[in-house]
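A.B. asks: sequence below, structure please.
(chains A, B, C and D)
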Number of protein chains: 2
Amino acid sequence: MTQKGITLKDVAAAANVSRATAARALNSYGYVGDETALRVVEAAEKLGYRANLVAQALRSGQLPIVGFVPGDIQNPFFARIAHDIEVELRKHRHNLLIASSEENVEQEKELLESLRSLSIRGFILAPTSATDSEHIVQLVREGAPVVLIDRVVKELHCDSVVVDNEGGAGEAVDYLVANGHQRIGLLRDESRIFTAQERLAGYQNSLQSHGIALDESLISVSRSTVEHAVDATIRLFSRRNRPTALFTVDSLMTQGALLGLRSMGLSIPHDVSLVGFDDFNLATFTDPQITVVAQPISEIGPLAAKLLLERLAGKKIAPRHIRFPTRLIVRGSVARFSRR
Amino acid sequence: MTQKGITLKDVAAAANVSRATAARALNSYGYVGDETALRVVEAAEKLGYRANLVAQALRSGQLPIVGFVPGDIQNPFFARIAHDIEVELRKHRHNLLIASSEENVEQEKELLESLRSLSIRGFILAPTSATDSEHIVQLVREGAPVVLIDRVVKELHCDSVVVDNEGGAGEAVDYLVANGHQRIGLLRDESRIFTAQERLAGYQNSLQSHGIALDESLISVSRSTVEHAVDATIRLFSRRNRPTALFTVDSLMTQGALLGLRSMGLSIPHDVSLVGFDDFNLATFTDPQITVVAQPISEIGPLAAKLLLERLAGKKIAPRHIRFPTRLIVRGSVARFSRR
DNA sequence: GGCCACTGTGAGATCGATCTCACATCCGGA
DNA sequence: TCCGGATGTGAGATCGATCTCACAGTGGCC
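C.D. replies: Numbering: from 1, shown residues only, chains lettered A, B, ... in the order given. I've put the predicted structure just below:
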């Protein structure tokens, strides 16, 4: 019903040769007479023969499929990366199977389990947890090619492509300090995630290097969704001695902050200065436009795909850990702070 | 290297039975002694046996994978749908393989070809072209389960899930007319795409029903990207007798219009009123917020997945064509027009 | 007592592509 | 003239799970 079912056998019969010879002719290996080869190729064409990849996979043990497990495919960051990976894989006749972990470790484990029994060739993975990673370690130990993106897992010997979260966050805070801010709020997500930890560290380091004491009450934690970030923002700015500036650790939280501040009647940058991590299309549509730390998002996917394809091709070298620099894009959401 | 390689044979050996019996015990069919079954299950567990899906697929002719071919995963509309489909499929132990056509018919053809040789079970497809569809017709004719979303192809006998584009566009234009607008511009993408045609028709019908003559010079065509839409907007509003209101056919074009109008110093809704098709998160971040025709996006993916799964389960009924209504969300981007 | 239905199990075939091995030819050089 | 290597081709095995068929017990019933 599903497959028309023109198999190699049919082609061989049509060309009056054995299956072995037909295979040789079509895949050009071994000895085949010119005339025979031609006959086979023509028969294949006439019948519309397409090799059954599943059968090939059974022999070779591998399907031409790569699994991508992002935190959330709806996040434009991952959607972009998925797209780029797919383009790269297509060049090598591989397909991309996307299974979103929804930032849930248990789901991540289940997904990897199920992808493994599919004989998938390799994995590109944004691990949900920086610590609960035994399942990934196991995967790598068994020899499955794995490339980590966006986030890294300690003690894991595989390629990774990440961004300089600490440096980027530091640069953002430096910029706020340079504009006279001292009470700088931080809106961040749960620390389980690797990037959150690094960005927090960047924030702390920057403050410290400027001799500004860390004030825990300026840090607000929430889940990484627009809705939760709105609440966290309101909480943060409802206290008496509120921050004069805010740094948000990802684009969803930046959006939440924007909405939260607006609902409180606080204007940017007059009342509050704002810098967000991760550029997003919305940032240039607001008034004022939002100053952000941009990630080189267009490079992450293609590079991750390339690293993985090299592994698939059998490259045996030490794991490579690529870390891209970030870039501060100054727009209009930061104002100089002067004691009022 | 990739698979540890515990096969049914190993389990059978460990349990001291034949492969056939082991299979019976694990899949519970046919006759197996209670004790034997227990022994097999225990052996399987101890060895950590997982059935090789590729081998199963070779026999059954089908992998537990569904292919999704959207116009572009980076489009939040499709990203959301992809996510919803995936969730639905996961409940039935199926995986989702995403291959973006990038709105290119040739690429769409190639992708479908390559997915077919993968023995994929079914397809959810947003066809790039309303007319060049022989390849899809062919697919359906061969019995492959196909569900079309967002767009429909004429003369194609398969399930589809779309939105009332014509009605939605009509409602948007009605609303503008009700606010006193007569010179209503249209920013639309290439007509090859089904939704574009329908939305254009809605625009035309609405004007006609209000006795407003169609003015071709008020219609601007561009590719559906923010950048192209910016240019098209500027072109449209540079002419002497410019529109007092604008209707944009998708969210990318709405964004382009926003940027284009801003760059020309035209303010919304003072100088130009705006209604867009398709709600998008940015719409509530702008000032004023944008009035849009919203699609019930959260229902499309799950329904498409359900229809497909029913087909996979063997349901043999006439193709179902679901068309969801749209909803006008009035925000602040439309002002009453009074002759100045 | 004998026959049949029901249970339980294993040998081998099957899915489709590919690979190994064996068997033919054919040719040139010794 | 004979031999070894280079060519060309096919039969059959293989990958792993599953299914068909055959076979062997066991029990019940006439």
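A.B. asks: quick one: low-confidence residue ranges for the stretch 201-340 of chain A.
C.D. replies: For the stretch 201-340 of chain A, applying pLDDT under 70 flags the ranges A:339-340.
A.B. asks: which parts of it sit against DNA strand C?
C.D. replies: By Cβ under 7 Å from any atom of the strand, no residue of the stretch 201-340 of chain A approaches DNA strand C. Every residue, glycine included, has its C-beta placed from N, CA and C.
A.B. asks: all strands for the stretch 201-340 of chain A, in order.
C.D. replies: Counting by DSSP state E, counting those that start in this stretch, the stretch 201-340 of chain A has strands at residues A:219-221, A:245-248, A:273-277, A:291-294, A:321-324, A:327-329.
A.B. asks: just these: most buried one?
C.D. replies: Comparing the strands of the stretch 201-340 of chain A by mean neighbour count (mean count of other Cβ atoms under 10 Å in any protein chain shown), strand A:245-248 ranks first with a mean of 30.
A.B. asks: list the neighbouring strands of that one plus their orientation.
C.D. replies: Sheet pairing of strand A:245-248 (DSSP bridges) gives strand A:184-188 (parallel), strand A:273-277 (parallel).
A.B. asks: how far away is residue A:169 from residue B:250?
C.D. replies: Using Cβ to Cβ, to the nearest Å, we find residue A:169 at a distance of 35 Å from residue B:250.
A.B. asks: the two: which is more packed in?
C.D. replies: Legend: neighbour count by other Cβ atoms under 10 Å in any protein chain shown for residue A:169 and residue B:250, higher for residue A:169 (28 against 23).
A.B. asks: secondary structure class for that one?
C.D. replies: Following DSSP: H, G, I helix; E, B strand; the rest coil, we place residue A:169 in the helix state.
A.B. asks: need the contact list for the residue lying closest to it once chain neighbours are set aside.
C.D. replies: Of all residues not flanking residue A:169 in the chain, residue A:202 sits nearest, at 2.8 Å (Cβ to Cβ, 6 or more residues apart in numbering or on different chains). By Cβ atoms under 8 Å, 6 or more residues apart in numbering or on different chains, residue A:202 lies in contact with A:165, A:166, A:167, A:168, A:169, A:170, A:171, A:172, A:173.
A.B. asks: in a markdown table: these, plus pLDDT.
C.D. replies: Converted to a markdown table, the contacts of residue A:202 look like this (pLDDT from 0 to 100):
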| residue | pLDDT |
| --- | --- |
| A:165 | 97 |
| A:166 | 97 |
| A:167 | 97 |
| A:168 | 98 |
| A:169 | 98 |
| A:170 | 98 |
| A:171 | 98 |
| A:172 | 98 |
| A:173 | 98 |
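A.B. asks: identify the farthest-apart pair in the residues you listed.
C.D. replies: Farthest apart among the contacts of residue A:202 by Cβ to Cβ are A:165 and A:173. That separation is 12.5 Å.
A.B. asks: do you know the pLDDT at residue A:68?
C.D. replies: With respect to pLDDT, residue A:68 scores 97.
A.B. asks: give the buried residues for stretch A:116-132.
C.D. replies: A:116-130 (16 or more other Cβ atoms under 10 Å in any protein chain shown).
A.B. asks: perfect, I'm done here.
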